[in-house]
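J.: 3D model of this:
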Amino acid sequence: MSELSQAVSIHPYFKVQPGKIEDFKETMNEFVARTKTEETCLYYDFSICGDQVFCREAYVGAAGVLKHLENVASCIEKALSFSELYRLELHGPAEELDKLKEPLAELHPEFYERVTGVA
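T.: This next block holds a predicted model:
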């Protein structure tokens, strides 16, 4: 089984407060700089639509997700000072998602179990 078939992707959606999009963009640079150091990161990028920010990211397994969240905890805290995390999805194999349900419970994510695919 390939690393990709065990990948867990995170899909956070933020709504940025009026006049704070530039602050969020600066914080994006901090997120990226920290994430570049992570060996289990498969991809990581941000997109903006008006006052909404989306981060497309994936990691090798649940352990990679947890390491990432620990690594960027201060960035998340900063981003949430001028935005709201209004949706959070995690996608991946059921056995990897099960490892995340308890540690991420306070964030109220939606868990999407991988059913089939190419990887």
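
J.: secondary structure class for residue 84?
T.: strand (DSSP: H, G, I helix; E, B strand; the rest coil).

J.: swap in residue 25?
T.: helix.

J.: where does pLDDT dip in this structure?
T.: 1-3, 119 (pLDDT under 70).

J.: so what would you say the end-to-end distance of stretch 32-44 is?
T.: 8 Å (Cα to Cα, to the nearest Å).

J.: what of stretch 69-83?
T.: Start-to-end span of stretch 69-83 (Cα to Cα) is 17 Å.

J.: residue boundaries of the strands in the chain?
T.: Secondary structure of the chain (DSSP state E): strands located at 7-16, 41-49, 52-60, 83-92, 110-113.

J.: got a markdown table for the ones you listed, with mean neighbour count and distance to residue 31 too?
T.: The way it works is simple: take the backbone N, C-alpha and C, and place the C-beta from them, glycine included. Formatted as a markdown table, those follow (neighbours: other Cβ atoms under 10 Å; distance: least, Cβ to Cβ, whole Å):
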| stretch | mean neighbour count | distance to residue 31 |
| --- | --- | --- |
| strand 7-16 | 20 | 11 |
| strand 41-49 | 14 | 8 |
| strand 52-60 | 19 | 7 |
| strand 83-92 | 17 | 12 |
| strand 110-113 | 13 | 21 |
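
J.: and the ones you listed: which comes nearest residue 71?
T.: Nearest to residue 71 among the strands of the chain is strand 41-49 (9.5 Å), distances taken as Cβ to Cβ.

J.: what's the distance between the residue nearest the centre of the chain and residue 19?
T.: Centrality entry for the chain: nearest residue to the mean C-alpha point is residue 10, 3.9 Å, by Cα atoms, centre = their mean. Between residue 10 and residue 19 the computed distance is 27 Å (Cβ to Cβ, to the nearest Å).
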